[in-house]
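Novice: Sequence first, predicted model second:
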Amino acid sequence: MKPATAQPPDTHSGTGAPAQLTRSPDEPERPVRGDLPDTVTAPGYTGAFGGRAEEAARVRREIADYLQDCPVIEDIVLIAHELAANSIVHSRSRSASFAVRCQLAPRAARIEVEDMGGPWRTRTPGDRPHGLDIVQALTGPGGWGTQATGTGGRLTWARLSW
């Protein structure tokens, strides 16, 4: 599978080096599963998107095009959509930009969304389910996480193995 890149004319990539892998805020540390590195640095899909609601649909289309016949395509596309929506709604990327990276290995897929960061809202008991609840349900405990990038941004990742 050949590497894919996408960048709208009004946004710029410049995501820099990926940060160290971390765990989801509600999960204890667990071993990492799958055959992928801790960050997406090898050839794969990379795209830059504007922080507008209509860009979430473009993320879905482009990730689906990259994954083609991957056994977990529907789950990764849904995860990509949820992470993109979080960047658009809950980060400084709203009306700015965010990056999406995806990589396939023989029996695993990893998706990353890097946004411009912002305050992390702590969940209160009794809150309705959120997009990250969907991500965790699909990946299982320890299958996703978020971390600061060192540039004020935030990287959220998820991994599925089969």
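Specialist: The structure has been received and is ready for your questions.
Novice: next one: phi and psi at the residue of the chain positioned farthest from its centre?
Specialist: Going by C-alpha atoms, centre = their mean, the residue of the chain most distant from its centre is residue 126, 25.7 Å out. The phi and psi torsions at residue 126 (degrees, to the nearest 10) take the values phi 90, psi -10.
Novice: Look up how far residue 60 lies from it.
Specialist: Look at residue 126 and residue 60: by C-beta to C-beta, to the nearest Å, they are 30 Å apart. All C-beta atoms are positioned from the backbone trio N, CA, C, and that covers glycine.
Novice: Check the offset of stretch 126-143 from the chain's centre.
Specialist: 13 Å (C-alpha atoms, centre = their mean, to the nearest Å).
Novice: does the residue nearest to residue 64 when sequence neighbours are not counted count as helix, strand or coil?
Specialist: Excluding the flanking residues, the one nearest residue 64 by C-beta to C-beta, 6 or more residues apart in numbering is residue 77, at 5.1 Å. On the three-state scheme (DSSP: H, G, I helix; E, B strand; the rest coil), residue 77 is labelled helix.
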